[in-house]
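Colleague: Need coordinates for the following:
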Amino acid sequence: DIIADAGGGPAYLRVLRDRAISAAVTAFRGRKDAAADEEEVDAEAALVGEVAEFPDEDLLQSAIAALEALESATRLASSLRAKLPGQAEALLEELLTEGEADVTSNLQRCAVERLFEKSGVL
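Modeller: Numbers count the residues shown, from 1 in each chain. Below you'll find the model as predicted:
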């Protein structure tokens, strides 16, 4: 579950998760300011006699783009954690936001060297 995985991860993933949720809520409620709307929707009343409208195309595309960004970053974070065990958390935030990170310890350097050695064998 991408959204649950992002909940305990780096701040960048949490920001992407919040953006994806906000974009989806905005698209399906059809309002630009979904956070201000705290009304509960009566599902039964909505189904009886009313035709639900499909979300606005631009809002729907924004929700899809936000979810795709979250999914991509979550997969990258999972991949980095698997490839840099023990050292990923220290490098993860910078790698996700900047696309690069400063290796500041000998353990990190060794982990990165092992990753390059392993990828060279493949």
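Colleague: can you pull out the helices in the protein?
Modeller: Applying DSSP state H to the chain gives helices spanning 2-7, 11-29, 43-47, 57-83, 88-98, 106-121.
Colleague: could the ones you listed be laid out in CSV, adding mean pLDDT and mean neighbour count?
Modeller: All C-beta atoms are positioned from the backbone trio N, CA, C, and that covers glycine. What follows is the helices of the chain, written out as CSV (pLDDT from 0 to 100; neighbours: other Cβ atoms under 10 Å):
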stretch, mean pLDDT, mean neighbour count
helix 2-7, 53, 16
helix 11-29, 91, 18
helix 43-47, 56, 9
helix 57-83, 92, 16
helix 88-98, 84, 16
helix 106-121, 86, 12
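Colleague: which other residues reach stretch 79-99?
Modeller: Identification of contacts with stretch 79-99 by Cβ atoms under 8 Å, 6 or more residues apart in numbering yields 9-13, 73, 76-77, 100-105, 107-108, 111-112, 115.
Colleague: how does it look with 6 Å?
Modeller: 10, 12, 73, 77, 101, 108, 111, 115 (Cβ atoms under 6 Å, 6 or more residues apart in numbering).
Colleague: Contacts only, for the third one.
Modeller: In other words, A73. For A73, the contacting residues are 13, 16, 96, by Cβ under 6 Å, 6+ apart.
Colleague: Y12 versus A77, what's the distance?
Modeller: 9 Å (Cβ to Cβ, to the nearest Å).
Colleague: do A66 as well
Modeller: 13 Å.
Colleague: Check S105 too.
Modeller: In terms of Cβ to Cβ, S105 sits 22 Å off from Y12.
Colleague: N106 too?
Modeller: For N106, the distance to Y12 equals 26 Å [Cβ to Cβ].
Colleague: Over to F54?
Modeller: 31 Å.
Colleague: try E89
Modeller: Plainly put, E89 is 13 Å away from Y12 if you go by Cβ to Cβ.
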